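> Okay, predicted coordinates and the sequence, questions at the end:
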Amino acid sequence: DDFASVKDIKGAYKKLALQYHPDKNRDKKPDKLREMQDEFEKIQEAYEILSDRATRRQYDRARFDEARAKSQGMNSSFYSQKTNTDSNFWEGGRCGNRR
């Protein structure tokens, strides 16, 4: 939801985190468990982005820019391609994977 409150985001995160948490799914087959672990990591990353005001604003701005480009008939791949700066921020910086 584009206008989800912090409370809504936190509630959705808790629900999904419990559903996909590796400790709650130890009885699954190894392949399924790995899929669930990967999904759990994505859920954590999304929560980190959406629960932090500054990173959520940046995320929303990027989505808005891409939507505007599409509506104006521009090639949206220009807006969706990562630059080195984007890559450093999303993958290795504050919101990067923490394994």
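That came in fine, so what should we check first? Residues are numbered from 1 along each chain as shown.
> so what's residue 56 closest to, chain neighbours aside?
residue 50 (5.2 Å; Cβ to Cβ, 6 or more residues apart in numbering). Where you see a C-beta, it was placed from the backbone N, CA and C, and this is true even at glycine.
> what's the one you found in contact with, if anything?
When the contact criterion is Cβ atoms under 8 Å, 6 or more residues apart in numbering, the partners of residue 50 are 4, 9, 56, 59.
> so what's the residue nearest to the spatial centre of the chain up against?
By Cα atoms, centre = their mean, the mean C-alpha position of the chain lies nearest to residue 46, the distance being 2.9 Å. The neighbourhood of residue 46, defined by Cβ under 8 Å, 6+ apart, consists of residue 13.
> now the helix or strand where it lies, how far from the chain's geometric center?
Following DSSP states H and E, one finds residue 46 within helix 30-51. The gap between the average C-alpha position of helix 30-51 and the chain average comes to 9 Å, counting by Cα atoms, centre = their mean, to the nearest Å.
> List the buried residues in that helix.
Using 16 or more other Cβ atoms under 10 Å as the test for burial, helix 30-51 gives 36, 40, 43-50.
> any weak-confidence spans in this protein?
By pLDDT under 70, the weakly predicted segments of the chain are 1, 74-99.
> all helices of it, in order?
Listed in chain order, the helices found in the chain under DSSP state H are 6-20, 30-51, 53-71, 77-80, 84-87.
> Pull the number of nearby residues for residue 23.
As a burial measure, residue 23 scores 7 neighbours (other Cβ atoms under 10 Å).
> meant to ask about residue 20, not that
Taking other Cβ under 10 Å as the criterion, the count of residues near residue 20 is 19.
> surely residue 47 meets residue 9?
Yes - with contacts defined as Cβ atoms under 8 Å, residue 47 counts as touching residue 9 at a distance of 7.0 Å.
> now the residue nearest to residue 56: how far from residue 41?
Spatial separation of residue 50 from residue 41 under the definition Cβ to Cβ, to the nearest Å is 15 Å.
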